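S.K.: pasting the sequence and the predicted coordinates here, then a few questions.
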Amino acid sequence: MSQVPSTDPVDISVSAGRREVRIVWRGGHESVYPFDLLRKECPCALCNDQRGKPSASAGLSLTVLSGPVLKAGEVQVKEVSPVGRYAINFVWSDGHDSGIYAFDFLRAMCPCPSCQAERAAASR
């Protein structure tokens with residue numbers, strides 16, 4: 001039986017140069033989230049609604065609800081701020097800023113190979 005992963009971050013760092021957010025969780029697991037992934041998976045109601053709609057240009061650009069249309073590789077984090085003790089919020093270079101990224105949401109979407117394998121095994 002696998003141990004429930006911690007959703008308590010002990011360190012959060014943003015690297016504009018590498019275009020990634022790195023979170024070290026209590027227990028030592030490290031998650032690295034590319035900006036494009038975080039922006040694409042924005043958990044706000046508007047982005048969730050947009051993801052549910054078919055698009056003629058699916059996969060060609062990121063969901064953008066305000067500001068310029070950015071393609072993968074162009075989005076940047078302009079600002080990051082805590083939301084209580086349970087989440088963080090990003091201001092994106094396309095002007096979008098309404099997504100609240102709860103730590104349990106981020107931990108559940110960890111893109112590392114080990115976490116991807118665990119999710120795949122659990123879905124069988």
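M.R.: Nice, I can see it. Numbers count the residues shown, from 1 in each chain.
S.K.: and residue 47, what element?
M.R.: Taking DSSP states H and E as the definition, one finds residue 47 inside helix 45-51.
S.K.: ok, residue 9 - how many residues close by?
M.R.: Residue 9 has 17 neighbours, counted by other CB atoms under 10 Å. Heads up, the C-betas are built off the backbone N, CA and C, glycines and all.
S.K.: give the bridge partners for it, please.
M.R.: Judged by DSSP bridges, the bridge partners of residue 9 are residue 25.
S.K.: who are the packing partners of the strand or helix carrying residue 38?
M.R.: Using DSSP H and E, residue 38 sits within helix 35-40. For helix 35-40, the elements it packs on are strand 20-25, strand 87-92, judged by 3 or more CB pairs under 8 Å, 6 or more residues apart in numbering; DSSP states H and E.
S.K.: any idea how far that helix is from the chain center?
M.R.: 5 Å (CA atoms, centre = their mean, to the nearest Å).
S.K.: contacting residues around it?
M.R.: 19-21, 62-63, 72-73, 75-77, 90, 92, 94, 96, 101, 109, 111 (CB atoms under 8 Å, 6 or more residues apart in numbering).
S.K.: and the residue nearest the centre of the chain?
M.R.: residue 38 (2.7 Å; CA atoms, centre = their mean).
S.K.: any idea how far that one lies from residue 32?
M.R.: Using CB to CB, to the nearest Å, one obtains 11 Å as the distance from residue 38 to residue 32.
S.K.: can I get stretch 15-31 as CSV, trimmed to CA atoms?
M.R.: What follows is stretch 15-31, C-alpha atoms only, in CSV (Å, rounded to 0.1, in the frame of the first residue of the first chain):
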residue,chain,number,x,y,z
SER,A,15,12.7,30.2,-12.2
ALA,A,16,11.9,32.6,-15.1
GLY,A,17,15.0,31.4,-16.9
ARG,A,18,14.1,27.8,-16.8
ARG,A,19,10.4,28.7,-17.0
GLU,A,20,9.4,26.4,-14.2
VAL,A,21,8.0,26.3,-10.6
ARG,A,22,9.8,23.9,-8.3
ILE,A,23,8.1,22.7,-5.1
VAL,A,24,9.8,20.6,-2.4
TRP,A,25,7.1,18.8,-0.4
ARG,A,26,7.3,17.7,3.3
GLY,A,27,8.7,14.2,3.0
GLY,A,28,11.3,15.3,0.4
HIS,A,29,9.5,14.8,-2.9
GLU,A,30,10.3,17.4,-5.5
SER,A,31,7.9,18.5,-8.2
